[in-house]
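Colleague: Any chance you can model this:
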Amino acid sequence: MKIVADSAIPYLEGVLEPYAEVCRLPGSAIRQEHVLDADALLVRTRTRCDGKLLGSSRVRFVGTATIGTDHIDLAYCRRAGIRVAAAPGCNARGVLQYIAAALVHLARTQGWEPAARTLGIVGVGHVGSLVRVYAEQWGFRVLCCDPPREEREHAGFLPLEEVARRADILTFHTPLDETTRHMADARLLALTRPACVIINTSRGEVIDTGALVASGRPCIADVWEHEPQIDGRLLERALLATPHIAGYSAQGKANAASAVVRALSREFGLPHAEWYPAEVAPCTPRTLSWQALCSTIDGHFDIAALSRELKRRPGEFEAMRDQYRYREEYF
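Modeller: The predicted structure follows:
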């Protein structure tokens, strides 16, 4: 059995080698010739998995150590009989803590308390649900929009336009597909208040960069259209700018690695159906008051320092992302 794996997926060293030949390569360097004789492929977002890559191979399993699958041609994989496994929710608590750091930064620099702000959440899945729970505990007025869930559940989620009009802070937590690409366009941004802060930690293409810049709305950006070539205009005007690391916690990465190894093990009968990296301690979720958050977050994640670094070194976006030291989740 042969497995080709993105060398940037952590914690895999020595785990699969007793049962398979493992070829580890940078995700952006994985080519058709590398997977021709492979049975399984373990990737991140930097490997486009489609007929061009997989068409002549014997691959029958693709595991992506990410929450999203927009880099995988799912229709092709279904036709080819290739099983696809992802890691939904793996980094939800890491992204929650990124949003927490962003909110604390805004409160400090703009001089407000949570009770004075309305937070609009677009996408109430793994991440958005956590943000909702904690934001309400911290005292924010919270408005939620999730059209697919509303259609299924009739749970009282609000229309996107209403949330956009009423929010002081609008944070996006949606997957990227044809229904969400440029969801925040010129029309939607025109509905928002001039001082509404737009936060994007989902996918860069969820927001129309040109429209956001033209709108003059303040923003916080972790994800960008056309990464790693990021728009200098957006970088300049962003209140905080980071190199796509919102979910880069040790526990998030361990959860992702665990998800793909477990799925691979179930597919091929390997003895790792319950595997989790021994070197990472899972996070123990707990409530945290706004005051406690404000007094502790900098010691765990100095978001402002990272933003200053990216603004100084915009051409090193990819290097900064690759070299980022995973932070520890603590609530």
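
Colleague: quick one: low-confidence parts of the chain?
Modeller: Within the chain, not a single segment meets pLDDT under 70.

Colleague: all helices for it, in order.
Modeller: 32-35, 51-54, 74-80, 92-110, 126-138, 147-153, 160-166, 186-191, 209-215, 232-237, 250-268, 290-300, 303-312, 317-323 (DSSP state H).

Colleague: and those helices as CSV, adding distance to Val4 and mean neighbour count?
Modeller: C-beta coordinates here come from the backbone N, C-alpha and C atoms, glycine included. Below are the helices of the chain laid out as CSV (distance: least, Cβ to Cβ, whole Å; neighbours: other Cβ atoms under 10 Å):
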stretch, distance to Val4, mean neighbour count
helix 32-35, 5, 16
helix 51-54, 10, 18
helix 74-80, 15, 14
helix 92-110, 26, 22
helix 126-138, 28, 20
helix 147-153, 33, 13
helix 160-166, 40, 18
helix 186-191, 40, 16
helix 209-215, 33, 18
helix 232-237, 34, 14
helix 250-268, 12, 22
helix 290-300, 35, 15
helix 303-312, 31, 16
helix 317-323, 19, 15
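
Colleague: want to throw those helices into CSV with distance to Glu13?
Modeller: Formatted as CSV, the helices of the chain follow (distance: least, Cβ to Cβ, whole Å):
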stretch, distance to Glu13
helix 32-35, 19
helix 51-54, 24
helix 74-80, 27
helix 92-110, 22
helix 126-138, 28
helix 147-153, 38
helix 160-166, 44
helix 186-191, 45
helix 209-215, 38
helix 232-237, 35
helix 250-268, 11
helix 290-300, 26
helix 303-312, 27
helix 317-323, 17
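
Colleague: For Glu274, which of those is the nearest?
Modeller: Nearest to Glu274, of all these, is helix 250-268, at 7.0 Å by Cβ to Cβ.

Colleague: chain center to that closest one: distance?
Modeller: Taking Cα atoms, centre = their mean, to the nearest Å, one finds helix 250-268 lying 17 Å from the centre of the chain it belongs to.

Colleague: do stretch 323-330 as well
Modeller: 14 Å.

Colleague: if we look at that stretch, which residues are touching it?
Modeller: By Cβ atoms under 8 Å, 6 or more residues apart in numbering, the surrounding residues in contact with stretch 323-330 are 10, 93-94, 97, 243, 245, 248-253, 283, 296, 300-301.

Colleague: Start and end of it, how far apart?
Modeller: When the termini of stretch 323-330 are compared using Cα to Cα, to the nearest Å, they are 21 Å apart.

Colleague: next one: stretch 317-331
Modeller: Stretch 317-331: ends 28 Å apart by Cα to Cα.

Colleague: Report the distance from it to the chain centre.
Modeller: The chain centre lies 12 Å from the centre of stretch 317-331; the measure is Cα atoms, centre = their mean.

Colleague: right, and the helices of the chain - which one's nearest Asn200?
Modeller: helix 209-215 (8.7 Å).

Colleague: If you count contacts, what does the closest one end up packed against?
Modeller: helix 186-191, helix 232-237 (3 or more Cβ pairs under 8 Å, 6 or more residues apart in numbering; DSSP states H and E).

Colleague: Can you convert the ones you listed into CSV and add a column each for distance to Pro159?
Modeller: As requested, the helices and strands packed on helix 209-215 are exported to CSV (distance: least, Cβ to Cβ, whole Å):
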stretch, distance to Pro159
helix 186-191, 11
helix 232-237, 27
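
Colleague: do you know which of those lies nearest Val104?
Modeller: Comparing these against Val104 with Cβ to Cβ, the closest turns out to be helix 232-237 (20.8 Å).

Colleague: Mind giving me the packing neighbours of the closest one?
Modeller: helix 209-215, strand 219-221, helix 303-312.

Colleague: Let's have these in CSV, adding distance to Ala116.
Modeller: Shown next, in CSV, are those (distance: least, Cβ to Cβ, whole Å):
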stretch, distance to Ala116
helix 209-215, 23
strand 219-221, 18
helix 303-312, 21
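
Colleague: how about these, which one is nearest Ala102?
Modeller: strand 219-221 (5.2 Å).

Colleague: I would like the residues contacting that closest one, please.
Modeller: Outside strand 219-221, the residues touching it (Cβ under 8 Å, 6+ apart) are 102, 106, 197-200, 204, 212, 234-235, 237-242.
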